[in-house]
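>>> sequence plus the predicted model coming up.
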Amino acid sequence: MDFVSPLLDVASRICNCVGDRADHLRRLPQKLNSLRAAMEKLNNVHKDVKERVEREENLEKKRTHVVGGWMERVEAMEKEVNELLDRCDEEIRKKCLGIYCSKNCRAIYKLAKMVPEKMDAVAELQSEGSNFQEVAVPLPSPHVIERPLEEKQVVGLDSPFREVWRYLQDKQFGTIGIYGMGGVGKTTLLKKINNKFLQSRIKAFDIVIWVVVSRPTNLERVQETIRSRLQIPDERWKGSDEDDKAAEICRILKTKKFVLLLDDIWEPLDLLRVGIPPLGDGNESKIVFTTRSEDVCRGMAARKSIKVECLEEKEALSLFQAKVGEDTLNSHPDIPKLAEMVAKECRGLPLALIVIACAVASSKTPEEWERNLQKLRMHPQDVAGTENDLFSVLAFSYDSLPDEATRSCFLYCSLFPEDYHIPPEPLIQLWTGERFLDEYDDIQEARNKGGEIIEMLKRACLLEAGTTPFLEEAEYLKMHDVIRDMALWLACEKGKKKNKFVVKDGVGLISAQEVEKWKDTKRIALWNKTSIEELREPPHFPNTETLIGRMTTSSFPSGFFTKMSRIRVLDFSHKDLDFSHNERLKLPAKIGNLATLQYLNLSNTNIIHLPIELKNLKKLRFLILDWMFSLTSLPNQMVSGLSSLQLFSMKSLSSRLRMDEIILLEELDQLEHIIDVSITLRNILSIQRLFESHKLRRSTTCLLLEGCSDVEIIHFEKQVVPSKFPNPQCCFNHLLSVQIHVCNKLLNLNWLIHAPKLQSLHIANSEIIERVIEDERSEGPEIESGLSVFSRLKFLTLCNLPKLESIYGHALPFPSLREINIWHCPSLKKLPFDSNICMSKQLEKIMGDQEWWDGLEWEEQTFMHNLTHIFSTS
C-alpha cells in the first residue's frame, strides 16, 4: 500500500492541474473580450491625450517627457495586446477544428495566463493617462521672433536704420526714441531693427521683446506681452496684482541683457510700473520705442531721439511703383509718367504712397489715371481707401492733442494753400482773432500760448518748421500736403459737410452757383488768381466766421459783406504786393456794418483810402495795415473810435502816407485796451510823443524809424530817455523789433538797453552812427540788476554804416543770437563776443563782406576758427 499512496497523490495532482487548465481554456474567450474592451478604453484615453498634446504643440509648446514616454508605451502595449489576441484566437480556432494535442494544450495555457497580466498593464496605463495634469510645456523662447516685413516697404529707411543701429552698439545710449508723423515708416523701421537680431552672428543680447503699446495705454496688456516672451508660469502670475507682476518681470530681466522694442507710444510709459529695470550702472540692455511726438521722447528720457522724415522723390516713386506693379505700369506708355505725377501728390509719405498705389493699381488706361490724379488733387477723400486706411490713421495724432483750442488751431492751418510758408506771428494773431485763445486775458498772454501750441504741433509732427534767408520772415511753418488733406477732411466733419471749410487756390473765376453752395460754410479762404463773378443779389453767409481773401481782384461783388452776421476775421493781406496789377482793391463802406468783426488785415494791399465807416467796428481787436504803400491817409478819429482795439500795426517804409503821426499816437493813447503797437515814425516830435507815453512805451512791440533827419535826434537818447523816464528799466518791456533806416544824424541807440526782450535789430543807411550802444558803465542810466543787454536778440543786421566802430563797449554772451548780417561797415573791426559764442548752439549764420571778415580783430584767434564754418558772403 506504501507505493499506492504516492501514485494516488500524483494522480490527484494531475487531475487538479488538468482541471485548472481546462478552466483557463474554458474562460479564455471571456478574458480575451475583457482585454479587448480594456485596450479600447486605453486607446480612447490615448486619443484624448494625443489631441491635448497637439493643441498645445500648435501653441508652440512641446510635450513633456512623461507624456511622450507614456504614449510610446501605449503604442507598444497595443502592439503586444494585438499579437496576444491573434495567437489566442488562432489556438482557439485549432481547438474548434479538433486538431489539438497536449503540446497545443500547454501553449494555449501559457497564452491564457498572459491575458490577465496584460489586462493589469493596460489598466495601469489607462489610470496613468487619465491623471495627466500637464501634457506640454512652453518651448524655450527664441532670443528674437521675426516680424513679417516686405522688402520693398523699407525703401528710404537705410539712413535712420544705420543711425539707430549705431546707437544700439554704443553703451552710452540706453534708451532711443524714434519719432515722426503718422505713416512715415516708424513701425517698419522698428521691424527692420528687430529682424536684424535674427542674424546668427549677432549674439550680443539674450532676448529681444516686441510690444505694441498703442492708445490708450494699457499697462496690463504691456505686462502680459512681456510675460509671454519671458515664459513666466501661471503659478507665478495668475492672481498677482500689478506690482507683483512688475516685480516678477524685473526679477527675470535683471538676469538678462535684453532689447525692449516698444511700438506706437502715445504718452510717456512708466517703465518701472511695467517692471523694466533701470538702464545704466552696468545694465547694458536697450530700449527702443516709436512715437509720433517728440514730447514723448523727452518724457521717456531718451538719450537719443531720431526723426524719420518723408521719402525723397526718387525713393517715393520706387515704393509707389513697387506697390502698383509692373503689369499696370506697362499696360500703356503714358502710365509711368502719370504714376510719377500721382506719386508726387503723396509728398513722400510712405503710408499715402501705399494706400494710393493700391487704389490705382487696377487702373490700366491713361484716362483712369488722369481721373484719379484729378480726384487726388481736388477731392482726395474720394480716392478709394483714403478715408479708412490713410486719414483715419493720421487722425490719431489729431485726437491726441490735449484740448479743443489746440485742435482748432491745427485745423485752421488747413486754410493755407499747399506748400505755403505760414509766418508764425500772423498765424497766432489769426488764432487770437478767432477767439481760440480766449482763456487768456490779453494779446501778450495769447501770443505766448500760441507759441506753445505751435511748438506742440511741431513736436507732434503735425506742423513742419523752416527758415528763409529773409530777416522779416526768418521762421515759417508748413503743413505736409497729406496732413493738410486730412485736416480739411476732419474740418469738414470727415467729409460729411464738404463746404464747411472752403479753400480755393488759383481756380480763376468762381461762379455765382458755386458761391450759393457756401451758405453753411464756416471758413472761406480764397488764394492766388481767384475771383468771384458779380452776383445777382447779396450772398447769405449766416455761419461764416472767417474770410481770407488773398486774391488778385480789385473788389468783391456788391453786397458781398452785407449778410455776414457772424464774421470775426477778414484777412485781405497779400504776402507780396503785385505792382503790375493796375486795378486797386476797393474796400466797401458797408464793411463798417460787420458788428461782429474782430480781426481786419489789409497788409500789402494797394488800397488808397480807408472808409471812415471802419470806426463803427466796435468789437474790432486787431487792425493790421502793414506795407500799404499806396495808402495816402487815415481818416481822423477812425482809430480812436475802435473802442475794443488791442493790436494796431502800421509798418511801412518809403510809403505815400502823409499824416500827422502825433495825432495817430494820441488816438492810440486814448484806447483803453491797446496793448500791442507796431508803428513807423519819421520825425523827432513823433518819437518824443511815443517816448513820453507810458501806455505807448509799454505797448510798442515793433518800432520803425525812417528818415529822421531832425538835428535833435542826435541827442534824444541822452536828453529824453534819462530825464523823462521815472523808471527807465521798464521803458520798452514788450519791444521785440527795431528797424532804423536813413537816420543820418543818429549817434547811438543807448535807449535800447531798456528793451530787454528785443529780438530783432536792423540799422541801415545812417551816416554818422559810431556806436550802437555805448558802454553803460561810463554813461547812461544804471541797468537794473539781472538785466542783460541783448540777451533775447536773435537777428542783427547792420548795413551801410560807414562810421560804425562798435556794437557795444565790451563782450556780451548773446545767448539767443541766431543770425548776424553786416554789410558795408568798414570801420567795425571788432564783434562784442565772449567765449560763450563759440559754444553757442543757437548761432547759425554770419553774413558779410569777405574783406570785412578777414580784417576783424578777435580777443582770441580760436573765436574766428570756431565761427568760420558759419560765415558766408551770400
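It's in.

>>> how many other residues sit next to the closest residue to residue 860 other than its chain neighbours?
Among residues not flanking residue 860 along the chain, residue 835 sits closest, at 7.5 Å (Cβ to Cβ, 6 or more residues apart in numbering). Every C-beta, even on glycine, is put in place using the N, C-alpha and C of the backbone. Using other Cβ atoms under 10 Å, residue 835 has 13 neighbouring residues.

>>> how about residue 658?
By other Cβ under 10 Å, 8 other residues sit near residue 658.

>>> now residue 86
Residue 86 has 9 neighbours, counted by other Cβ under 10 Å.

>>> does the closest residue in space to residue 659 that isn't next to it in sequence belong to a helix, a strand or coil?
Leaving aside its chain neighbours, residue 659 sits nearest to residue 633 (5.2 Å; criterion: Cβ to Cβ, 6+ apart). Of the three states, residue 633 takes coil according to DSSP: H, G, I helix; E, B strand; the rest coil.

>>> what does residue 633 show for phi and psi?
phi -160, psi 170 (degrees, to the nearest 10).

>>> would you map the strands across the stretch 551-700 of the chain?
Using DSSP state E, counting those that start in this stretch, the strands of the stretch 551-700 of the chain run over 569-571, 599-601, 622-624, 647-650, 676-681, 700-706.

>>> swap in the stretch 51-200 of the chain?
For the stretch 51-200 of the chain, the strands defined by DSSP E, counting those that start in this stretch cover 61-63, 136-138, 175-179.

>>> before we move on, the earlier item: quick one: the residue nearest to residue 860 from residue 812, how far?
Separation of residue 835 from residue 812 (Cβ to Cβ, to the nearest Å): 12 Å.

>>> where does residue 226 land in three-state SS?
In three-state terms, and counting by three-state DSSP, residue 226 is helix.

>>> circling back: can I assume the residue nearest to residue 659 is in contact with residue 660?
No - Residue 633 is beyond contact range of residue 660, at 9.6 Å (criterion: Cβ atoms under 8 Å).

>>> now the common contact residues for these two.
Common neighbours of residue 633 and residue 660, counting by Cβ atoms under 8 Å, 6 or more residues apart in numbering, are absent.

>>> and residue 273, what helix or strand is that in?
helix 271-274 (DSSP states H and E).

>>> the helix or strand following that helix to strand 175-179, inter-axis angle?
For helix 271-274, the following helix or strand on the C-terminal side (DSSP H and E) is strand 286-291. Per axes from the mean of the first three to the mean of the last three Cα atoms, to 10 degrees, the angle that strand 286-291 makes with strand 175-179 is 20 degrees.

>>> hmm, which helix or strand of this protein has the shakiest average pLDDT?
helix 716-724 (a mean of 39; mean pLDDT, DSSP states H and E).

>>> and residue 153, how far is that from residue 318?
Distance from residue 153 to residue 318, by Cβ to Cβ: 11 Å.

>>> what does residue 44 give?
Computed as Cβ to Cβ, the residue 44 to residue 318 distance reads 60 Å.

>>> same check on residue 56?
Distance of residue 56 to residue 318, given as Cβ to Cβ: 45 Å.

>>> what does residue 746 give?
To residue 318, residue 746 is 59 Å away according to Cβ to Cβ.

>>> out of the two, which sits in the busier spot?
residue 746 (22 against 17).

>>> and residue 452, which of the three is it?
What three-state DSSP gives for residue 452 is helix.

>>> helix, strand or coil: sort out residue 339 for me.
Following three-state DSSP, we place residue 339 in the helix state.

>>> who's in contact with it?
317, 320, 321, 324, 329, 369.

>>> ok, of those residues, which one's closest to residue 30?
Comparing these against residue 30 with Cβ to Cβ picks out residue 324 as the nearest, at 77.6 Å.

>>> these two touch, right, that closest one and residue 359?
No - when contacts are counted by Cβ under 8 Å, residue 324 is not listed as touching residue 359 (9.8 Å).

>>> of those two, who's got more company?
The neighbour comparison of residue 324 against residue 359 (other Cβ under 10 Å) goes to residue 324, with 24 against 20.

>>> residues in contact with that one?
Applying Cβ under 8 Å, 6+ apart to residue 324 gives the contacts 339, 357, 360, 361.

>>> which of the residues you listed ranks first by neighbour count?
When neighbours are taken as other Cβ under 10 Å, the top entry among those is residue 360 (24 neighbours).

>>> please name the residues that touch residue 451.
Shown in contact with residue 451 (Cβ under 8 Å, 6+ apart): 424, 428.

>>> before we move on, the earlier item: check which element follows the least confident helix or strand of the chain along the chain.
strand 737-741.

>>> quick one: average pLDDT of the next helix-or-strand element following that following strand?
From strand 737-741 onward toward the C-terminus, using DSSP H and E, the following helix or strand is strand 760-764. For strand 760-764, mean pLDDT is 94.

>>> tell me how far residue 854 lies from residue 44.
Using Cβ to Cβ, one gets 99 Å for the distance from residue 854 to residue 44.

>>> more neighbours, the two?
Between residue 854 and residue 44, residue 44 has the larger neighbour count (other Cβ under 10 Å), namely 12 against 8.

>>> wait, what's in contact with the more buried one?
Contacts of residue 44 by Cβ under 8 Å, 6+ apart: none found.

>>> and it, what's its pLDDT?
With respect to pLDDT, residue 44 has a value of 93.
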